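Structure of the sequence below:
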Amino acid sequence: MFKGLTLLGALFLLSLLFLFWGSPSREVLLLIRLPELLVSLSFGALLSLSGAVFQNALRNPLAEPYTLGIASSSALGATLSVWLGLRPEAGALLFSLFSVAILLFAFKLFKTPLSLLLFGVGLSSLFSSLILFIYSLLPSSSLQDALYFTLGFITPVSLKLSLFLLFLSLLALILCLRFHKEVGLLPLGSEIAYFSGVEPGKTTALLLISLSLLLSPFISNFGIVGFVGIASPHGVRLLGFRSGYSFILLSFAFGALFTLLSQFLAKNLFYPNLFPVGAVSALFGAPFFLYLLWRYSGARS
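Numbers count the residues shown, from 1 in each chain. Sure thing, here's the model as predicted:
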């Protein structure tokens, strides 16, 4: 309980620091800082929830939307839609479903978590390459946009859009809390989950599809932010929470804190230069990812 309250307290204090850093004017506070805060919290929380559920459902401690190619697939759909003059949200939704279908097929095909992870990393690299290929067909002025999109860049948005995205993240939280028992049982294996009253196949498909669809509007607007879905859930596990309501809620809060801190550093570390939030999150998350890869791959033996 004390660890959870400490995490929530840190999130609250960082939110205040994010809002009032530099004593902004009332207009800046309401029109820029507040929407940016809501987007950072919502995006990080949803990425962390997705990582926690993917890791349990696929029994892969390194699974998250970035490493499995779901994020880059949504980004590819959004990029194709922009190229064709369509709404990016539609392309992101469609390609999210496509990537989840591939992922569920790969989950049945591969026998080890590491093989599934390598498949996802390869898929992510392929989709990212296609994004850059599409941008190379556009005017050179769009190349910087492509770089920010593939690294993740939280840009100013309207308060209305930020509230809608917050609603999506809360919807994901409600869904995960509703299936907290299933999320806790799926890592134990299909047979144990089945005899405990869970249909592993349907539950896994439902959770992966739902979370991927809820995530796609974020990616279509702000690009790919990697490693949040790995670092945040495992950070909660290191605090001693591995299942139940506490694991879901603290994963939500930890992801929000991680992304908000990354966004704060991206804006202020080398001010007035702005950095993509995905680049900052990777600086923290990538070393942790390498540690987990070493830990779970059997390299220690």
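
Going by C-alpha atoms from here, please, whenever you check contacts or count neighbours.
Will do.

Am I right that residue 51 is in contact with residue 63?
Yes - using C-alpha atoms under 8 Å, residue 51 is in contact with residue 63, at 6.3 Å.

Now for those two: what residues contact both?
Common neighbours of residue 51 and residue 63 are listed as 229-230 (criterion: C-alpha atoms under 8 Å, 6 or more residues apart in numbering).

Look at these two and report which has more neighbours.
residue 51 (31 against 28; other C-alpha atoms under 10 Å).

quick one: buried residues of the helix or strand in which that one is found?
Secondary structure from DSSP states H and E places residue 51 in helix 34-57. By 16 or more other C-alpha atoms under 10 Å, the buried positions in helix 34-57 come out as 34-57.

One more: stretch 149-166?
Of all the residues in stretch 149-166, those buried under the rule 16+ other C-alpha under 10 Å are 149-154, 156-157, 159, 162-163, 165-166.

Identify the residues contacting it?
Contacts for stretch 149-166 (C-alpha under 8 Å, 6+ apart): 31-32, 34-36, 38-43, 72, 75, 128, 217-218, 222-225, 263, 275-279.

tell me the mean pLDDT for that stretch?
The predicted model assigns stretch 149-166 a mean pLDDT of 88.

Then stretch 204-213?
90.

Tell me the buried residues in that stretch?
The neighbour-count check on stretch 204-213 (16+ other C-alpha under 10 Å) flags 204, 207-213 as buried.

got a list of contacts for it?
46, 50, 53-54, 57-58, 65, 70, 93, 96-97, 100, 104, 172.

and if we set it to 10 Å?
Under the contact criterion C-alpha atoms under 10 Å, 6 or more residues apart in numbering, stretch 204-213 has outside partners 46-47, 49-51, 53-54, 56-58, 65, 70-71, 74, 92-101, 103-104, 168-169, 171-173, 175-176, 179, 182-183, 186, 200, 203, 215.

Inside strands: which ones of these?
With strands defined by DSSP state E, no entry of the contacts of stretch 204-213 lies inside them.

Which of the residues you listed fall within helices?
When these are checked against helices (DSSP state H), the matches are 46-47, 49-51, 53-54, 56-57, 70-71, 74, 92-101, 103-104, 168-169, 171-173, 175-176, 182-183, 200, 203, 215.

For ChimeraX, write the select line for the buried members of these.
Applying 16+ other C-alpha under 10 Å to those, the buried members can be selected in ChimeraX as follows:
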select :46,47,49,50,51,53,54,56,57,70,71,74,92,93,94,95,96,97,98,99,100,103,104,168,169,171,172,173,176,182,183,200,203,215
